[in-house]
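J.: just to be clear, the model below is a prediction. Sequence and coordinates:
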Amino acid sequence: MIDRIDWEELVIGSLIVNQGLGFAELAVSVDDFAEPWFVEAFQVMSNQYKNKQFFDLFTVLGEIKTPIVRQRVADSLQFAVTPQNVHFYASKVLEESVERQLNLLALELQQGGDVQAKMDKVRSKLDQLKLAEALELPDLRWDLQLMLNDILNPKRTLETCFGGLNRLIVGFKQSGLYVIGARPGVGKTVVGMQLAWELARSQDVLFFSLEMDKASLLNRVVAGELRIPLDNIERGNLLDHHKLQIQEMIRTVESKMVISDRGGQTVNQIRSYIQAVMVKRPVKAIFIDYLQLIAANNPKAPKYEQVSQISMDLKNLAKEFGVPVIALAQLNRRIDGKPDERPTAGDLRDSGQIEQDADVIVMLSRKQSEADIVEDKNIATGLSARFYALGQKSLMILDVVKNRHGATGWFEAKFDGEFSRVREELAR
């Protein structure tokens, strides 16, 4: 267990990895460091940046004469896992510096000394800390470097389990808000859970189910994984070999999914839960089923305003944690009696703000396959050899109607309602 995070070490290591990028806009100065080896290292960096606006591990170590200080600085690199967060690390160093200054001031007050100069210094540090928290002004080179890192680092984009979706949106990007909309009964939970479950084979995933309890979700996972009819699972009508399959799945499952099925949560409650989980797991994607069931902070406001605020809060949530947020959303039911055509972003229930905030919107709809049409004819003529619901729609259309970073388009997949599963390989 890590009892204390050494923010000074993270700042030094991150600056070396960044080779000076972002140095000029740091909120800290050399007198904010307490550890002598980091004081010396930061002073060396300051001098080299002032002269060349560039430094690296070897130029810094070359200016440090004491072996123990060189070793301590070199060791700091192992902790610089996210150097793009150097401004956050620096703000923590500044907080600790202010705390030390306040302790010294309290000691001086007890001794009855002249504290005016120290009060002025503390006041200056507090103003500096407020400015650092309120405003970040990294230089353009820093922004360009982060952009290049995004392009060159494929791990920042999470591929989905649908090849057609990956071709259109590349994958789930960090800090992106993705909305998957569908009318009631189309299968948005099936698609959302399948995306989350497949992603959780390799990444930590957090799934908020505001509508369905955890057991019902896992029933659908088991049905899709083992191809056991969902109806049999929910009725407890399992054959012996089905029970053995489920037991084996329980024994060998390697999913990194965390499911929260508490209903009526606000975005603030969702945020608190995410923070608690992230202490133990590096969550890489957050799923919410579904957006309009999130409780509003202002329940007396009109529904449109409630949903608009929730949409903006989810966008901020994605940016705050630096992970994609995939929110399922309910669409308005058709009330005009016309055939149910492919929905558009304008069909999102209760708010046009969702359409504005989302980076990507995927609309789900279903239609009949050729086999469905043939089976309908067999039912009508009494030739159907098995029970089959009239008007079955076994083709799922996944339609990317908005893509802030690329192309729009659609593709079809096979909807296996019996097994609560969607497959891209179409059975015509």
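T.: Nice, thanks for sending it over. Numbers count the residues shown, from 1 in each chain.

J.: switch to C-alpha atoms for all contacts and neighbour counts from now on
T.: Fine.

J.: and the helix or strand hosting F287, which strands flank it?
T.: According to DSSP states H and E, F287 maps onto strand 285-289. Paired with strand 285-289 in the same sheet, following DSSP bridges, are strand 205-209 (parallel), strand 325-330 (parallel).

J.: determine which stretch of those strands is the most buried.
T.: Comparing the strands paired with strand 285-289 by mean neighbour count (mean count of other CA atoms under 10 Å), strand 325-330 comes out on top with a mean of 26.

J.: now that one - C-alpha only, PDB.
T.: These are the backbone C-alpha positions of strand 325-330, laid out as PDB (Å, rounded to 0.1, in the frame of the first residue of the first chain):
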ATOM      1  CA  VAL A 325     -18.500   7.300 -21.400                       C
ATOM      2  CA  ILE A 326     -20.900   5.300 -23.400                       C
ATOM      3  CA  ALA A 327     -24.500   6.300 -22.500                       C
ATOM      4  CA  LEU A 328     -27.500   4.400 -23.800                       C
ATOM      5  CA  ALA A 329     -30.500   6.600 -24.500                       C
ATOM      6  CA  GLN A 330     -34.200   6.100 -25.000                       C
END
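
J.: quick one: average pLDDT of it?
T.: Mean per-residue pLDDT for strand 325-330: 93.

J.: tell me the gap between it and the middle of its chain.
T.: Distance of strand 325-330 from the chain centroid (CA atoms, centre = their mean, to the nearest Å) equals 12 Å.

J.: so what touches the helix or strand just after that strand?
T.: Next helix or strand after strand 325-330 toward the C-terminus (DSSP H and E): helix 353-357. Defining contact as CA atoms under 8 Å, 6 or more residues apart in numbering, one finds that helix 353-357 is touched by 177, 307-308, 311-312, 315, 345-346, 348, 361.

J.: save the residues you listed as CSV, and put in pLDDT too.
T.: Formatted as CSV, the contacts of helix 353-357 follow (pLDDT from 0 to 100):
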residue, pLDDT
L177, 94
V307, 87
S308, 87
S311, 90
M312, 90
K315, 91
A345, 81
G346, 80
L348, 80
I361, 93
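
J.: in strands, which of those residues appear?
T.: 177, 361 (DSSP state E).

J.: any quick ChimeraX command for the buried ones out of the contacts of helix 353-357?
T.: Burial among the contacts of helix 353-357 is assessed by 16 or more other CA atoms under 10 Å; the matching ChimeraX selection reads:
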select :177,307,308,311,312,315,345,348,361
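
J.: tell me the two of the contacts of helix 353-357 that are most distant?
T.: Taking CA to CA as the measure, the contacts of helix 353-357 span a maximum distance of 18.7 Å, between K315 and G346.
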